[in-house]
Structures are given as C-alpha cells and as structure tokens.
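**Q** Sharing a sequence plus its predicted fold:
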Amino acid sequence: MVNLDSHRDAVIVVDVQNDFCPGGALAVPDGDQVIPPLNALLRRANCFIVATRDWHPENHCSFKAHAGPWPVHCVAETWGADFHPALDRSRLQLIASKATAPDHEAYSGFEGTSLAEILRDRGVRRIVVCGLATDYCVKATALDARREGFDVIVLEDAIRGVEVNPGDSDRALNEMRQGGCTILRTDQLA
Ligand code: VGL
Ligand code: ZN
C-alpha cells in the first residue's frame, strides 16, 4: 500500500473529456471505464487534484484538415471538450487547458502551461497520473513530470489507450517504466 500525502502528493487527471470517450470524436476504446476507479480515488485523495483538458481552437494543427493526424476533437467550449459527465468534477481544484494555440500541439499537461511551477510552489514532490490516453497525453504528462523532477506514479487501471497500432498502450507503459515512473493500481493507493 502507498499512502497519499496531502501536501507532497498531487493527482493529475488527464483529458477525461467526452471526445475521448465512447461516442466522442476521438474515442479511446473503453475510455469511460477509467471513471469509476478514478472517482473512487478522487473521493479518498486528500491531496491537490488537477485535471488537464485538451482545448483546441477550430483550426488546430493536429486536425486532418490542417495536415495533422487526428479528426477534429476537443474544440474549446464544445460538448466534445467537456469533461465526461460521470467524472466527479467537484473534486478538481485546478483545470489546466493545453494545446490552445492553432500552431502548437501539446500532449503533455506541462507543455505551455504553468503546471510545473504551480505544483512546485505548493511543495508537491510526487504526482499520480491517470486518465486518457495512455499512448499520448498520459505518457507525455508522466514523462514530463519526471523531467520536471517529480516522482511519478501511473495508475494502470485508470488509464486507457487509443491504440492506433495494437500494443501502443503496452509500449507506452514500458516507456513510462523506463522513464522512472512507478506503475500501480488505484487499489494500492490509500
Ligand atoms: C490526445 C490525441 C490528440 C490525448 C489529445 O489526450 O491523449 N490524443 N489529442
Ligand atoms: Zn488533441
């Protein structure tokens, strides 16, 4: 069992948005299944809780019409960019919007945001990462957190991958492990 510390730990919930869940524009298979274990964790976690959201302009460079790899998704202020309604938003203390400029992709919640400074200023030393998608924004956020000098725990039952190529999620988990992240399940966190 790993105990969460109210001051030294923070949780980052990555991109649990409608477009990444079944019925959304860039649906992650079983993406909504991260929500029950996540809500249970958020309700018992007494530490700082952050949610990131993909928050694109209509002409974002990651969209196919602008030579990017993805369908239009998570356009700011639309349903697709809203947090999934089942996510317990009452527990979120900070929302970090990312990839908000047309010409910049940002998979990591640390890219183009002040998240690292905010967390350091609060005295946070360790970050628990969960959400969507394992092979993109979860991976990028977890590895960036390591580069920023934080200890990182990734919750394998509270993440799901896009799996553009089968095995991408497993490879991403291995990269996170190689990068110094500890992989745990939500029931190992008290
Ligand atoms: C994501 C693809 C495009 C993610 C965001 O949240 O993992 N993936 N934009
Ligand atoms: Zn995106």
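**A** Cool, the structure landed. Numbers count the residues shown, from 1 in each chain. Ligands and ions are numbered 1, 2, ... in the order given.

**Q** rest of the way, CA atoms for contacts and neighbours
**A** Noted.

**Q** what residues does the protein put near ligand 1?
**A** Where the chain comes near ligand 1, counting by Cα under 6 Å from any ligand atom, the residues are Asp15, Asp54, Tyr107, Leu132, Ala133, Tyr136, Cys137.

**Q** Restricted to strands, list those residues.
**A** The strands, defined by DSSP state E, take in Asp54, Leu132 from those.

**Q** if I look at the closest residue to Leu92 other than its chain neighbours, how far off is ligand 1?
**A** Closest residue to Leu92 apart from its sequence neighbours, by Cα to Cα, 6 or more residues apart in numbering: Ile49 at 5.3 Å. The gap separating Ile49 from ligand 1 is 18 Å, by Cα to the nearest ligand atom, to the nearest Å.

**Q** the strands in the chain, which residues?
**A** Shown for the chain, the strands assigned by DSSP E span residues 9-14, 48-54, 94-98, 126-132, 151-160, 182-184.

**Q** Mind jotting down where the helices sit in the chain?
**A** 35-44, 115-121, 139-147, 168-178 (DSSP state H).

**Q** For Ala86, find the nearest of those.
**A** Comparing the helices of the chain against Ala86 with Cα to Cα, the closest turns out to be helix 35-44 (6.9 Å).

**Q** Check which helices and strands the closest one sits against.
**A** Applying 3 or more Cα pairs under 8 Å, 6 or more residues apart in numbering; DSSP states H and E, one finds that helix 35-44 contacts strand 151-160.

**Q** what mean pLDDT does the strand it packs on have?
**A** The average pLDDT for strand 151-160 rounds to 98.

**Q** next one: stretch 44-52
**A** 97.

**Q** buried sites along it?
**A** For stretch 44-52, the buried set under the neighbour-count rule, 16 or more other Cα atoms under 10 Å, comprises Ala45, Asn46, Cys47, Phe48, Ile49, Val50, Ala51, Thr52.

**Q** and if you look at stretch 100-109?
**A** Applying 16+ other Cα under 10 Å to stretch 100-109 flags Thr100, Ala101, Glu105, Ala106, Tyr107, Ser108, Gly109 as buried.

**Q** Give me the residues contacting it.
**A** 14, 52, 54-62, 96-99, 112, 115, 136-142, 144 (Cα atoms under 8 Å, 6 or more residues apart in numbering).

**Q** quick one, what contacts the residue nearest to Leu92?
**A** By Cα under 8 Å, 6+ apart, the contact list for Ile49 reads Ala10, Val11, Ile12, Val13, Leu42, Arg91, Leu92, Gln93, Leu94.

**Q** Need the max-distance pair from those.
**A** By the measure Cα to Cα, Leu42 and Leu94 form the most distant pair in these, at 13.2 Å.

**Q** which one of those two has more residues nearby?
**A** Leu42 (21 against 14; other Cα atoms under 10 Å).

**Q** Could you measure from the closest residue to that one other than its chain neighbours over to ligand 1?
**A** Among residues not flanking Leu42 along the chain, Arg91 sits closest, at 6.3 Å (Cα to Cα, 6+ apart). Remark: distance between Arg91 and ligand 1 (Cα to the nearest ligand atom) = 20 Å.
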